[in-house]
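Q: sequence first, predicted model second:
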Amino acid sequence: MTAIVLEKWEEAAAREALLDLCMPQRFEKASELIREGRLPADGLSLAAHGPDGRLAATVRLWHVSAGPGRPALLLGPLAVHPWFRDRGLGAAMMHDALGRAADLGHGAVLLVGDESYYRRFGFSSAKTSGLWMPGPFDPARLLAVELKAGALAGARGLISPTGVMAEKPSLDALIAADLKRSA
């Protein structure tokens, strides 16, 4: 089995290429509106690599509020390169991501996906009927799992981003970082 590790910032281009391959319409989804301009939650950007070192899978989790004053995480996107599908890598990424989120003390994880697939990880739509997302979304595909009992009890309201805003580095900062790495 491929090891699952924390994603490195140097993998951003490979991650984006993998997401483009697996999910070309991801920018049209409501989940992307929530992630846009934000950094993923610390310690919850994961990667898996194939035997040749290339990126085989990626998953990230993002800080959100599941209605006022109710912290949660939004999982996604999860992508597995077609060469590595049907080997259990997607399931391994899910188990690892949820385990790390629980270990870090998070109470709940939300995602948009097929309940028939995500049910095996504990996700269902039972706790999301009072929640909605910005932009168009299918309420039947809005799923959640509680990592702490009661974390989503009575949750109502808009799912909104709460994570750290991403800073756009200046060209000078990018060049300085590249020179420092190559020195």
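A: Looks like it came in fine. This structure is a prediction, so every number in the text was calculated from the model and none was measured. Residues are numbered from 1 along each chain as shown.

Q: now do the helices in the protein.
A: When assigned using DSSP state H, the helices of the chain occupy the ranges 12-22, 30-35, 89-103, 115-118, 171-182.

Q: how far away from the center of its chain is the fourth one?
A: Same thing as helix 115-118. 16 Å (CA atoms, centre = their mean, to the nearest Å).

Q: begin at 17 from here
A: Understood, numbering begins at 17; the last thing we discussed is helix 131-134.

Q: contacts for that helix?
A: Helix 131-134 is contacted from outside by Met110, Leu127, Phe139, Ser140, Ser141, Ala156, Arg157, Leu159, using CB atoms under 8 Å, 6 or more residues apart in numbering. All C-beta atoms are positioned from the backbone trio N, CA, C, and that covers glycine.

Q: now restrict those to buried residues only.
A: With neighbours counted using 16 or more other CB atoms under 10 Å, these contain these buried positions: Met110, Leu127, Phe139, Ser141, Leu159.

Q: now, among the residues you listed, which is nearest to Ser47?
A: Of all these, Ser47 sits closest to Leu127, with 7.8 Å by CB to CB.

Q: look up how far Glu183 lies from the residue lying closest to that closest one once chain neighbours are set aside.
A: Spatial nearest neighbour of Leu127, chain neighbours left out: Leu91 (4.3 Å); criterion: CB to CB, 6 or more residues apart in numbering. Distance, Leu91 to Glu183, by CB to CB, to the nearest Å: 24 Å.
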